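K.L.:
Prediction below, plus the sequence it came from.
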Amino acid sequence: DAKTTQPTSMDCAEGRAANLPCNHSTISGNEYVYWYRQIHSQGPQYIIHGLKNNETNEMASLIITEDRKSSTLILPHATLRDTAVYYCIVRVPNNAGNMLTFGGGTRLMVKP
Amino acid sequence: DGGITQSPKYLFRKEGQNVTLSCEQNLNHDAMYWYRQDPGQGLRLIYYSQIVNDFQKGDIAEGYSVSREKKESFPLTVTSAQKNPTAFYLCASSIGGVTEAFFGQGTRLTVV
């Protein structure tokens, strides 16, 4: 599975959009981009995933560049409860047991 | 409600003792995983299982053992051979394909 690079930490004002970038320059054609988040002392929570088209659900939007070498997770109206570590993962579904490999992630701090 | 349950939430053991962490899921998922998380770090894969009676080592399997006798259960034993067992342990399951993994709430193991 391709590796990802994310900023270590970011701040965002409450009510504003939080844009979390992820670089995955070695992504292969059959790898999907997944985002998870982990609130302190809890298990990670799935947010969204995509292959090449932009995706949106009730939690967030995922924007993937045309060359697929980077993506951005957008939380449109961040709240204090969105403070968490956000993990960007790229993987091939059904690859070696579907295991997920987590890097260090981005620690997002939403401030009042 | 369907979900994945880890117990206990907090566990204390004396050095040199084996300890078994429980993970149960009623989601009918084939794949299950164990991760370890140290303070301020990402998740590292210990073991995973794609199907009953089969499991594979992850990146840091030394000092750990697992079993998968039932689809619903994937217990992790932390043996006395694990040099630094104090950590936050997370169990996850997934159905495979382009789907998300579901995580339990974790067990925080402290060895004194």
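P.N.:
Nice, I can see it.
K.L.:
Next, count neighbours for the nearest residue to B:S67 once chain neighbours are set aside.
P.N.:
For B:S67, ignoring the flanking residues on the chain, the nearest one in space by CB to CB, 6 or more residues apart in numbering or on different chains is B:P75 at 6.1 Å. In this view, the C-beta of every residue, glycine as well, is placed from N, C-alpha and C. Close neighbours of B:P75, defined as other CB atoms under 10 Å in any protein chain shown, add up to 17.
K.L.:
B:P75 touches B:E69, doesn't it?
P.N.:
No: using CB atoms under 8 Å, B:P75 is not in contact with B:E69, being 9.0 Å away.
K.L.:
residue ranges of the strands in the chain, please?
P.N.:
Using chain A here. Assigned by DSSP state E, chain A shows strands spanning A:9-13, A:18-23, A:32-38, A:45-50, A:55-56, A:61-64, A:70-75, A:84-91, A:106-111.
K.L.:
meant chain B, my bad for not saying
P.N.:
B:4-7, B:10-13, B:19-25, B:31-37, B:43-51, B:54-57, B:64-66, B:76-78, B:87-94, B:102-103, B:107-111.
K.L.:
The shortest one and chain A, any residue contact?
P.N.:
Yes: taking CB under 8 Å from any CB of the partner chain as the criterion, strand B:102-103 and chain A are in contact, through B:F102, B:F103.
K.L.:
Any regions of chain A where pLDDT drops low?
P.N.:
Residue ranges of chain A with pLDDT under 70: A:1-2, A:93-99.
K.L.:
switch to 80 and redo it
P.N.:
Low-confidence segments of chain A, defined by pLDDT under 80: A:1-2, A:92-101, A:103.
K.L.:
Repeat that for chain B.
P.N.:
B:1-2, B:96-99.
K.L.:
The most centrally placed residue in chain B and A:Q42: what is the separation?
P.N.:
Computing the C-alpha centroid of chain B and ranking residues by CA atoms, centre = their mean puts B:W34 first, at 3.1 Å. Applying CB to CB, to the nearest Å, the value for B:W34 to A:Q42 is 17 Å.
K.L.:
A:R68 now?
P.N.:
Distance, A:R68 to A:Q42, by CB to CB: 30 Å.
K.L.:
neighbour-wise, which of those two wins?
P.N.:
Each of A:R68 and A:Q42 has its neighbours counted (other CB under 10 Å); A:R68 has more, 18 against 15.
K.L.:
For A:N54, the count of nearby residues, please.
P.N.:
Using other CB under 10 Å, A:N54 has 12 other residues around it.
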